[in-house]
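Participant: below: sequence and its predicted model.
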Amino acid sequence: MLKLNNLNKSFINNLGMTKNIFTDLNFHMKKGDFVSVIGSNGAGKSTLFNLIMGNTELDQGEVIISNKNITNFPKHKRNSFMSKVYQNPSFGTSPSMTVFENLSMADNKGEVFGLTFGLNKKRKNFYKETLAELDLGIEEQLDTKVGSLSGGQRQCLALIMATLKKPKLLLLDEHTAALDPKTSKIIMNKTSDIVKKEKIATIMITHNLQDAIDYGNRLIMLHEGNIILDIEEEEKKSLSVEKLLKIFNEKHLKLKDNEVFIV
Ligand SMILES: Nc1ncnc2c1ncn2[C@@H]1O[C@H](COP(=O)(O)OP(=O)(O)OP(=O)(O)O)[C@@H](O)[C@H]1O
C-alpha cells in the first residue's frame, strides 16, 4: 500500500555541515496496517512524515501509494488521499468556524463548493451519531465555535475530520501527547476503531511505549534514521515496556552516557 524505497535525505545544519538523516531507508506497509513508530529525539520521525506529505523534498528515493509513484506530487495533490492529526489540538480544525461547519468542510475535502461551502445538512445526523460515540458531549455543540471547545474535544474532532473521507493513509503525529490520560485513551480507542473499520493504513508517531504496544498491528523503532526494530502481530502482542527498553539497549546502540531514550 505504502512503499518508501531508498529514501535519502540530508540537511545542512547552521554550521554549514551536511547531516544525513536517511540513507537508503526502505519501509513497506499493507492496506489496513496500523504501525506505531517510536524512537529517540532526532531519530527522523517528523522528517519521515514531512517527506511522505511533501512538506520536505527528498534528495533521492521513491514514495509509492497504492502502486502510484507520488514522489513528484506537490503537497496539495497528496492531501487529497492522506490526512494528518497533529499533536497540537489547534491544528487540523478551524477555531472560528462551528463544529458543524468544520465537519462539512472535511466532508467536502477535494471537492469544489460554493459560498456556503456545502453545509452538509443531510449528514447532520451522521455527525451527531459519530460524535456521540466519543461520549465527550460534542454532539450537543454542533453550532458551537470550535475555538471554545476543550483541547480534548478539538482533538477528537480533528481525528473525525481527518478520517471522514477515508484517506488512503493516516498520519498521527503524537496526536494524544497533549491530552490528559482519560481523553487520550478515548482518542486512542476511537483511532483504533476507525482504522480497523475503514482499513486505513496508519502510521502513528508516539513517545508512549505502552500505546505503541497496545495499539496497531506493527511497531517500528527508528534510531538515527534507521529502522532498528520491526515487530508484528503475535510478537508485538507479547511485548511489554520493559522488554521494549531491553531490546533497545541490547541493540548495542552507540548511546552517549547522557543520552536517554525518551518514553
Ligand atoms: N528543516 C531542517 N533543517 C535542518 N535540520 C533539520 C530540519 N528538519 C529536521 N532536521 C534535523 O533532522 C534530525 C531529525 O529531526 P526530526 O524532527 O525528524 O526528529 P524526530 O525523530 O521527529 O525527533 P523528536 O522526537 O524530537 O520530534 C534532527 O537532527 C533535526 O535537527
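Facilitator: That came in fine, so what should we check first? Numbering: from 1, shown residues only.

Participant: who in this protein is up against the ligand?
Facilitator: Residues of the chain lying near the ligand by C-beta under 6 Å from any ligand atom: 11, 13, 21, 39, 41-47. No exception for glycine: its C-beta is placed from N, CA and C like everyone else's.

Participant: redo the residues you listed as TSV? Include secondary structure and neighbour count.
Facilitator: Compiled in TSV, those are given as follows (DSSP: H, G, I helix; E, B strand; the rest coil; neighbours: other C-beta atoms under 10 Å):
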residue	secondary structure	neighbour count
11	strand	13
13	coil	9
21	strand	20
39	strand	25
41	coil	10
42	coil	14
43	coil	23
44	coil	23
45	helix	21
46	helix	14
47	helix	19
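
Participant: what about the strands in this protein?
Facilitator: Here the chain has its strands, by DSSP state E, at 2-12, 18-29, 34-39, 60-65, 68-69, 82-85, 169-173, 201-205, 218-223, 226-232.

Participant: take the ones you listed and lay them out in TSV including mean pLDDT.
Facilitator: Conversion of the strands of the chain to TSV gives the following (pLDDT from 0 to 100):
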stretch	mean pLDDT
strand 2-12	96
strand 18-29	96
strand 34-39	96
strand 60-65	97
strand 68-69	96
strand 82-85	96
strand 169-173	97
strand 201-205	98
strand 218-223	94
strand 226-232	93
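
Participant: who wins for proximity to residue 123 among the ones you listed?
Facilitator: Distances from residue 123 to each of those were compared using C-beta to C-beta; the minimum, 17.7 Å, belongs to strand 82-85.

Participant: any idea of the mean pLDDT for the longest helix along the chain?
Facilitator: Looking across the chain with DSSP state H, the single longest helix is helix 181-198. Averaged over helix 181-198, pLDDT sits at 93.

Participant: now swap in stretch 134-152 and tell me
Facilitator: The average pLDDT within stretch 134-152 is 92.

Participant: between the two ends of that stretch, what distance do you get?
Facilitator: Taking C-alpha to C-alpha, to the nearest Å, the span from the opening residue of stretch 134-152 to its closing residue is 11 Å.

Participant: ditto for stretch 13-24
Facilitator: As for stretch 13-24, its first-to-last residue distance stands at 20 Å under the measure C-alpha to C-alpha.

Participant: can you tell me what sits against that stretch?
Facilitator: 6-12, 44, 47-48, 51, 61, 225 (C-beta atoms under 8 Å, 6 or more residues apart in numbering).

Participant: that'll do, ta.
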